[in-house]
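>>> need a structure here:
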Amino acid sequence: MELRDYLKVLTRNWAILLIVTIVAVGSGYLILSRQETRYTSDLAIIVNYQEQGTISSSDYFKYNNYYGNLIAQSFSDSLSGLMKNAGLVEAVFKRASISYEEKDIANPGKYFSPIPKSKNVTEVRFTADTASEAQALSSSLISLLTEKAKEFVQSQGEGSLELGVEGPVIEKGEIPLVLYLLLLAVVGCGFGIFLAFLLTYLRDEVSSVEEFEKILSTPLWADLSLHSGSEGDGVMVPLREKILAKFPQTEHREVRIGLISLRSLDSLRVCQQLASALRTKENIQTLDLTARSEAAALEELKKTDKHAASYRLIAMPSFDSLSFSHRVLSVMDAVILVADSRHTPRRSLLIVSSQLSLLSAPRGIVLI
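Sure thing, here's the model as predicted:
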């Protein structure tokens with residue numbers, strides 16, 4: 001497939017791309033617009049060991065300082081596990097005079113997020129509904145951790161742990177709505193493109209001019225699907241010249257050109273449109289054989305007034321409902337295969353190709 005064939009698939013399925021993109025952006029907007037504003041609180045907890053009493057010697061000071069650092073690091077390491085305790089989270093809410101039950105916290109162990117920054121420094125992050133609530137929870141958490149630090153150091157010996165606190169820094173969490181919607185539009189458009197090619201693959205439709213020519217072993221004479229309005233005349237002129245050059249009219253008989261629609265097309269309507277567009281000084285008329293049996297069609301062709309027209313475009317039944325054999329086609333000077341450039345199954349073309357194998361008359365494809 002060439003680039004133009006991919007573009008045809010996309011333009012053919014533009015409605016799918018548009019609908020999927022609108023659904024993605026619309027759904028995202030509804031979900032994001034209903035999100036409640038949240039506040040994020042960040043505070044850093046610094047754990048330091050304080051010795052009690054008088055230091056008598058430098059050796060004792062060095063040993064005690066080392067021992068105190070170990071205690072401080074040990075408590076700092078335990079903060080991650082401590083703040084995952086559901087009982088501590090509930091106690092923090094209770095001390096902050098905030099109803100723990102109303103919050104309906106699905107996973108209390110993940111409400112506070114401790115992030116170790118160094119041996120003695122731990123950063124804690126959490127979210128709250130309001131700025132005042134975030135401030136109250138921060139103060140309550142610091143108070144409880146201070147009590148836990150006292151209990152911890154008492155179990156280790158003398159001295160005390162001092163908790164230094166930086167913060168809390170409270171920020172309003174704002175959703176970048178425009179950015180999210182743009183991302184959703186890109187994702188929706190990408191999914192729409194995927195659906196367009198998937199449906200094209202499942203429908204197994206011919207998607208390029210080259211495929212039409214290859215499967216039918218027939219050259220393209222005109223692609224009217226690329227033109228509309230006055231532009232169509234620019235296609236009809238070379239088509240007319242091609243037909244007249246291939247089949248010059250003689251004085252003794254008309255040139256019969258049969259039109260066969262490949263699938264679900266109105267052969268008579270297409271025949272009349274082409275006759276109108278091709279008509280110049282030559283006398284071009286139409287004949288409708290779409291509803292005739294083989295015998296009736298042959299009889300009708302015999303009755304044709306040979307001097308009534310220079311060229312006669314004959315509307316034939318489509319191959320989907322072909323009711324007579326090649327005996328009728330054998331009296332044609334040429335055959336034009338009219339195909340829908342957008343919705344022609346590959347399987348239908350393969351059936352047509354097998355039926356055309358016995359046709360000796362020149363033929364061409366016209367896409368509409």
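
>>> mind listing the helices for the stretch 151-300 of the chain?
Using DSSP state H, counting those that start in this stretch, the helices of the stretch 151-300 of the chain run over 177-203, 209-216, 231-246, 267-278, 294-303.

>>> how about low-confidence regions in the stretch 251-368 of the chain?
251-253, 263-268, 277-282, 304-309, 318-326 (pLDDT under 70).

>>> repeat that with 80
For the stretch 251-368 of the chain, the stretches flagged by pLDDT under 80 are 251-255, 259-286, 288, 290-294, 300-331, 340-348, 351-361, 368.

>>> surely Phe191 meets Val23?
No. Counting by Cβ atoms under 8 Å, Phe191 sits too far from Val23 to count as a contact (9.6 Å). Just so you know, the C-beta spots here come from the backbone N, C-alpha and C atoms, and that holds for glycine as well.

>>> give the intersection of the neighbour lists for these two.
Common neighbours of Phe191 and Val23, using Cβ atoms under 8 Å, 6 or more residues apart in numbering, do not exist here.

>>> quick one on the thing from earlier: and the helices of the stretch 151-300 of the chain, which is most packed in?
helix 267-278 (a mean of 19; mean count of other Cβ atoms under 10 Å).

>>> in stretch 85-92, what's buried?
Residues of stretch 85-92 classed as buried by neighbour count (16 or more other Cβ atoms under 10 Å): Leu88, Val89, Ala91, Val92.

>>> export the helices of the stretch 151-300 of the chain to TSV and tack on distance to Val121?
Shown next, in TSV, are the helices of the stretch 151-300 of the chain (distance: least, Cβ to Cβ, whole Å):
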stretch	distance to Val121
helix 177-203	33
helix 209-216	68
helix 231-246	74
helix 267-278	81
helix 294-303	95
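
>>> circling back to that earlier point, which one of the buried residues of stretch 85-92 is nearest to Ile351?
Checking the buried residues of stretch 85-92 against Ile351 by Cβ to Cβ gives Val89 as the nearest, at 71.6 Å.

>>> now the residue nearest to the closest one when sequence neighbours are not counted: phi and psi?
Spatial nearest neighbour of Val89, excluding adjacent residues (Cβ to Cβ, 6 or more residues apart in numbering): Pro108 at 4.3 Å. Per-residue torsions, Pro108: phi -60, psi -30 (degrees, to the nearest 10).

>>> what's near enough to touch Pro108?
Pro108 neighbours (Cβ under 8 Å, 6+ apart): Ala86, Val89, Glu90.
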